[in-house]
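Q: turn this into a structure:
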Amino acid sequence: MNDSANPAGAAEPKAGTRVPRWMGGVAVLLLVGLLWLWFDNRAEIADLRRELAGRLRETDTDSRDARAAARQAQESVRDAQVRIAQMESRLAESQSQQLALESLYQDLSRGRDEWVLAEVEQILAIASQQLQLAGNVQAALVALQTADARLARSERPPLIAVRKAMARDIERLKAAPNVDVVGLALKIDQVIAAVDAMPLATDERAPAPQTSEPRDEGFWTRLGSGILDELKQLVRVRNIEQPEAPLLAPTQAYFLRQNLRLRLLNARLALLDRNEALLRADLEASNVWLARYFDTRSKQVIATGATLKQIAASAISIELPSVAESLAAVRSFKSARDKSLR
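A: Residues are numbered from 1 along each chain as shown. Model (predicted):
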């Protein structure tokens with residue numbers, strides 16, 4: 001039964017066995033050490049808790065600051081986005097305005113070039129008309145020099161080829177012989193204006209008054225002298241160098257002067273048309289009429305005949321240069337420019 005009551009078989013202290021004292025001291029020291037460790041650990045835990053709570057508070061403060069900074073950053077971002085959008089809008093508007101200005105400048109430049117080319121083409125057309133209709137080399141030369149100066153003021157490098165063509169035409173005009181068609185036409189106009197003042201071969205000339213010393217004549221002598229003077233007025237004898245000169249009535253003299261004026265006008269037209277054969281034919285016919293119907297002893301008639309002979313001797317049928325090369329260069333440049341703008 002004793003074995004069943006103590007199954008572990010542990011040895012029970014024997015009665016009367018005593019525990020050493022030093023073991024009690026050790027146990028007390030161990031207990032004190034454990035208490036001290038417990039209190040120390042508790043203080044450290046409390047410090048850790050306080051430090052952790054402080055750090056948590058700091059973290060919360062930092063988190064709030066971070067959230068506030070994030071909100072400010074978001075607001076700044078939104079403001080920046082709004083400003084960027086405004087700047088982009090202004091930039092797009094500025095770019096559109098710049099494109100519009102460039103287009104306007106190109107239109108203005110193109111319009112100015114077109115105006116200059118049209119002006120130069122018109123000047124060249126006038127020069128060509130002066131050469132073809134009037135044969136006025138000097139006027140055509142002045143027109144080409146004016147057109148060249150107009151192109152020089154535009155300062156456009158593509159127009160150099162046009163200016164070179166104009167320079168060649170200017171040199172040809174300078175080398176051409178100069179016929180003063182305008183001067184010759186003015187001389188014909190002066191002859192036409194003097195037609196009415198030129199005397200005819202059959203014009204009556206009043207006899208020069210005869211001066212005689214007064215004589216003491218009787219009645220019958222004065223009567224006979226008066227009758228003789230009256231008879232002299234009825235019959236007059238004149239020495240005409242050209243017996244074939246016809247007698248013309250006043251109306252016929254008027255038509256003679258008008259026909260001579262028309263003949264001279266035809267000669268003037270032939271001069272302007274550079275028709276040398278017709279000019280000489282009209283001038284020779286006018287000279288024949290002057291010699292047949294007008295008083296060849298008159299200084300005015302003599303001077304008129306000399307003027308007509310001088311005009312007839314002038315050579316007017318010369319080959320004149322043209323400005324076709326300059327006109328072709330301008331029109332070619334305009335055509336190429338129009339094709340490039342399409």
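
Q: can you pull the poorly scored residue ranges out of the stretch 151-300 of the chain?
A: For the stretch 151-300 of the chain, applying pLDDT under 70 flags the ranges 155, 203-219, 231-250.

Q: can you rerun that using 80?
A: For the stretch 151-300 of the chain, the stretches with pLDDT under 80 are 154-159, 176-182, 202-252, 272-274.

Q: can you list the domains in this protein?
A: The chain is divided into the following domains under automatic domain parsing: 109-178+322-341, 180-203+244-317.

Q: now the ones you listed in JSON lines, with mean neighbour count and distance to residue 58?
A: Placement of C-beta: from N, CA and C, glycine included. Converted to JSON lines, the domains of the chain look like this (neighbours: other Cβ atoms under 10 Å; distance: least, Cβ to Cβ, whole Å):
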{"stretch": "domain 109-178+322-341", "mean neighbour count": "16", "distance to residue 58": "72"}
{"stretch": "domain 180-203+244-317", "mean neighbour count": "16", "distance to residue 58": "111"}
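
Q: in a markdown table, list the ones you listed along with distance to residue 61.
A: As requested, these are arranged in a markdown table below (distance: least, Cβ to Cβ, whole Å):
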| stretch | distance to residue 61 |
| --- | --- |
| domain 109-178+322-341 | 69 |
| domain 180-203+244-317 | 108 |
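
Q: how close does residue 339 sit to residue 84?
A: 45 Å (Cβ to Cβ, to the nearest Å).

Q: just to revisit the earlier point, between the domains of the chain, which one is nearest to residue 49?
A: domain 109-178+322-341 (85.4 Å; Cβ to Cβ).

Q: OK, contacts around residue 97?
A: By Cβ atoms under 8 Å, 6 or more residues apart in numbering, residue 97 lies in contact with nothing.

Q: confidence score at it?
A: For residue 97, the pLDDT comes out at 78.

Q: ok, now residue 9?
A: pLDDT, residue 9: 47.

Q: hang on, the earlier thing: right, and the domains of the chain - which one's nearest residue 51?
A: domain 109-178+322-341 (81.0 Å).

Q: ok now that closest one, how far from the chain's centre?
A: 13 Å (Cα atoms, centre = their mean, to the nearest Å).

Q: coming back round to it: what's the closest of the domains of the chain to residue 42?
A: Nearest of the domains of the chain (Cβ to Cβ): domain 109-178+322-341, 95.1 Å.

Q: how about the helices in this structure?
A: Residue ranges of the helices in the chain, as given by DSSP state H, are 2-5, 21-129, 137-154, 160-175, 181-193, 219-234, 250-272, 276-293, 299-312, 324-341.
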